[in-house]
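**Student:** Kindly generate the corresponding structure for this input.
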Amino acid sequence: MLDRIRNVARDPTVIPRYVAAKRKLLRLRYRERHNQGIFSVNIDCRNGFFGQLTWCLYIFAYCDDRNLIPHVVLTGAHFVNPRIGPDWFQYFFEQHESAYVRKHLVTTVGIRRVSDLGLPTRCFAQMSIERAARLAAKYLQLRPEISDAVEAFAAEHFAGRVVVGLHYRGTDKTRESPRVPYEEVRRVLHEYLERHSDVECLFVATDESPFLDYIRKACAAVPICCCDDLRSDSSLAIHRSAFAGDAYRKGREALVNALLLSRCHGVIRTASTLSAWASIFNPQLPVTMLNQPYDKALWFPDKAIVQRLRQHGAG
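**Tutor:** Predicted structure coming up:
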């Protein structure tokens, strides 16, 4: 205990950080008391699609703990199509808006990062794949056009077949995890197919056009299917690219691919929040990891998936 006190005394940032956290918590409680039981948050940032949805999970967890009604607005420029509306959350999910929200009787707090809210640490520390799946099922109700697209693709390509998913996240992801050479993906995939001779189809999701071309040639023995997606020919990530301003399409494709990966009998994947969300949509999904994020970028849900694989001695 004395050592901890001495360490705190040596760090001049501890007390300011503690005071700032307490202020955030007080503001949080104040908004609760004056917001008709509704916790309304507008997230305006440039993170990826599923990175922002993961923040929504923390907000949902807090609301569940406090018996509050969550109301989430996502206005980050990467996925907003002005012709559709300013809130891209509503492009993909149905959200009940109470009369208080419709009549603007609720204060919506704007944030850039979920840490700006000052949520209790338990909302983050206690998050698991299983709890995330329950929260997603409760609060992320797909719009019919999204679920219809998933069902139509699955009926055409997955029905009656054993399908393995392959997700390769390339482009700028090397800032958060080591890049996996194409040849290593081929090697792992061939070993997987040797152990699972019943696989009848390979569903490929990737943001790199060259990878799709490579895997079609390297795995000609198994039928391959994929969505007709926007893909990059460079290190520029799809969600950070203009692509004629089709922000809705980028978000839609990300969500549909994650949902289709969750329908597979197993998934071979690189570190990515997109394919990590496939395990939230289907917590029983068998996963083979080709790499893992650097420690500084090992966030939920990949953090929970990596820990689970280590416990079971899998990779």
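**Student:** check contacts around the residue nearest to residue 112 when sequence neighbours are not counted.
**Tutor:** Distances taken as C-beta to C-beta, 6 or more residues apart in numbering place residue 45 nearest to residue 112, at 5.1 Å, with adjacent residues excluded. Glycine gets a C-beta too; all of them are placed from N, C-alpha and C. Remark: with contacts taken as C-beta atoms under 8 Å, 6 or more residues apart in numbering, residue 45 is in contact with 52, 76, 111, 112, 113.
**Student:** Apply 7 Å and report the result again.
**Tutor:** If a contact means C-beta atoms under 7 Å, 6 or more residues apart in numbering, then residue 45 has 52, 76, 112, 113 as its contacts.
**Student:** Which of those residues fall in strands?
**Tutor:** Counting by DSSP state E, the contacts of residue 45 place none of their members in strands.
**Student:** Reformat the residues you listed as JSON lines; add distance to residue 82.
**Tutor:** Shown next, in JSON lines, are those (distance: C-beta to C-beta, whole Å):
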{"residue": "52", "distance to residue 82": "18"}
{"residue": "76", "distance to residue 82": "13"}
{"residue": "112", "distance to residue 82": "21"}
{"residue": "113", "distance to residue 82": "24"}
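**Student:** just those residues now: which is nearest residue 160?
**Tutor:** Distances from the contacts of residue 45 to residue 160 were compared by C-beta to C-beta; the smallest belongs to residue 52, at 35.7 Å.
**Student:** That closest one - how many residues pack around it?
**Tutor:** 23 (other C-beta atoms under 10 Å).
**Student:** Return the distance of it relative to residue 273.
**Tutor:** Going from residue 52 to residue 273 by C-beta to C-beta, to the nearest Å gives 9 Å.
**Student:** Residue 162 too?
**Tutor:** Counting by C-beta to C-beta, the gap from residue 162 to residue 273 is 26 Å.
**Student:** middle-most residue in the chain, spatially?
**Tutor:** Central residue of the chain (C-alpha atoms, centre = their mean): residue 50, 2.7 Å from the mean position.
**Student:** That one: helix or strand, and which one exactly?
**Tutor:** Take DSSP states H and E as the rule and residue 50 turns out to sit in helix 49-66.
**Student:** Mind listing the strands the next helix-or-strand element following that helix pairs with, and their directions?
**Tutor:** Scanning the chain past helix 49-66 towards its C-terminal end, the next helix or strand to appear is strand 69-74 (assignment: DSSP H and E). Sheet pairing for strand 69-74, assigned by DSSP bridges, gives strand 38-43 (parallel).
**Student:** contacts for the strand it pairs with?
**Tutor:** The set of residues external to strand 38-43 that reach it, using C-beta under 7 Å, 6+ apart, is 52, 55, 59, 63, 68-76, 98, 100-101, 106-111, 117.
**Student:** now swap in stretch 123-130 and tell me
**Tutor:** 57, 58, 61, 62, 279, 280, 283, 300, 301, 304, 305.
**Student:** what pairs with residue 202 across the strands?
**Tutor:** Under the criterion used (DSSP bridges), residue 202 bridges to residue 164, residue 224.
**Student:** Let me know how buried it is, in neighbour terms.
**Tutor:** Here the count is done by other C-beta under 10 Å, and residue 202 has 23 residues near it.
**Student:** Spit out the contact partners of it.
**Tutor:** Going by C-beta under 7 Å, 6+ apart, residue 202 touches 164, 166, 219, 222, 224.
**Student:** Distance check, the first one against residue 12.
**Tutor:** In this structure, residue 164 and residue 12 are separated by 53 Å, where distance is defined by C-beta to C-beta.
**Student:** was I right about residue 257 contacting residue 225?
**Tutor:** No. Using C-beta atoms under 7 Å as the test, residue 257 is too far from residue 225 to be in contact (11.8 Å).
**Student:** Just want to know which of the two has more residues nearby.
**Tutor:** For residue 257 and residue 225, the more surrounded residue by other C-beta under 10 Å is residue 257, and the numbers stand at 26 against 15.
**Student:** Can you tell me the SS state at residue 220?
**Tutor:** When the structure is reduced to helix, strand and coil (DSSP: H, G, I helix; E, B strand; the rest coil), residue 220 reads as coil.
**Student:** Local confidence estimate at it?
**Tutor:** Here, the pLDDT recorded for residue 220 equals 85.
**Student:** Equivalent analysis for residue 54, please.
**Tutor:** 98.
**Student:** burial count for it?
**Tutor:** Based on other C-beta under 10 Å, the number of other residues close to residue 54 is 22.
**Student:** list the contacts for it?
**Tutor:** Residue 54 sits next to 273, 300, 301 when contact means C-beta under 7 Å, 6+ apart.
**Student:** how close does it sit to residue 83?
**Tutor:** When C-beta to C-beta is applied, the distance between residue 54 and residue 83 equals 27 Å.
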